[in-house]
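Undergrad: heads up, no residue letters with this:
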Ligand SMILES: [Zn+2]
């Protein structure tokens, strides 16, 4: 996996989607979950004209299939109100849609049930864990991320970190801790950060 000259991933399925505003800098990678059953739930909403879902540059399905909706020199609307301090420069960034790459993982998040299902009898392939979110709240069931999806996530984050010399890799829950819980306690953030050359902890 690598980023090609045209700023698309070499091994992503390119989805038809409208172009976005130009994004001139890229400093951080942001991980999300879809909070859905289908990987392309928000994309399918857009296709059907019903609503516009959250946009992330990249969507990774549970089986490891990688989709991309825009090249990395165009903004996506995935971060919302958000703040992050660049660990390498100390510069504080806000409104992170303007300088981040969003990577969304198909995952039910805390919509998972203790019996390993979510939504309408949807069986979660890697099961669930019981955990309390680091930002607070009660112990809940969270969908675990299947290994093929994690390996694809590592490949994607390694590729974008190398291509854009990113300064950090964090979750939506880190840049908007009062509003967001994704990608949640089941996400292997430490493993992915280490694979990309970042310190283990955020
Ligand atoms: Zn998110």
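TA: That came through fine. Just so you know, these numbers come straight off a predicted model, no measurement behind them.
Undergrad: Any idea how far stretch 58-70 is from the middle of the chain?
TA: Its chain's C-alpha centre and that of stretch 58-70 lie 10 Å apart, by CA atoms, centre = their mean, to the nearest Å.
Undergrad: what's the span of it from first residue to last?
TA: From its first residue to its last, stretch 58-70 covers 8 Å (CA to CA, to the nearest Å).
Undergrad: Grab the nearest non-local neighbour of residue 75.
TA: Nearest residue to residue 75, sequence neighbours excluded (CB to CB, 6 or more residues apart in numbering): residue 23, at 4.4 Å. (Each C-beta comes from the backbone N, C-alpha and C, glycine too.)
Undergrad: Correct me if wrong: that neighbour contacts residue 102.
TA: No - with contact defined as CB atoms under 8 Å, residue 23 does not count as touching residue 102 (10.8 Å).
Undergrad: Tell me which of these two has more neighbours.
TA: A direct count of neighbours by other CB atoms under 10 Å for residue 23 and residue 102 places residue 102 higher, at 25 against 20.
Undergrad: I'd assumed that one was in a strand, is it?
TA: Yes - read with DSSP: H, G, I helix; E, B strand; the rest coil, residue 102 is one of the residues of a strand.
Undergrad: partners of it in the sheet?
TA: According to DSSP bridges, the partner residues bridging residue 102 are residue 30.
Undergrad: give the contact list for it.
TA: Taking CB atoms under 8 Å, 6 or more residues apart in numbering, we find residue 102 in contact with 30, 32, 55, 56, 57, 58, 76, 78, 79.
Undergrad: next one: residue 99
TA: Residues near residue 99 by CB under 8 Å, 6+ apart: 23, 25, 26, 27, 28, 93.
Undergrad: Most neighbours among these, please name it.
TA: Using other CB under 10 Å as the neighbour criterion, residue 28 leads the contacts of residue 99 with 25 neighbours.
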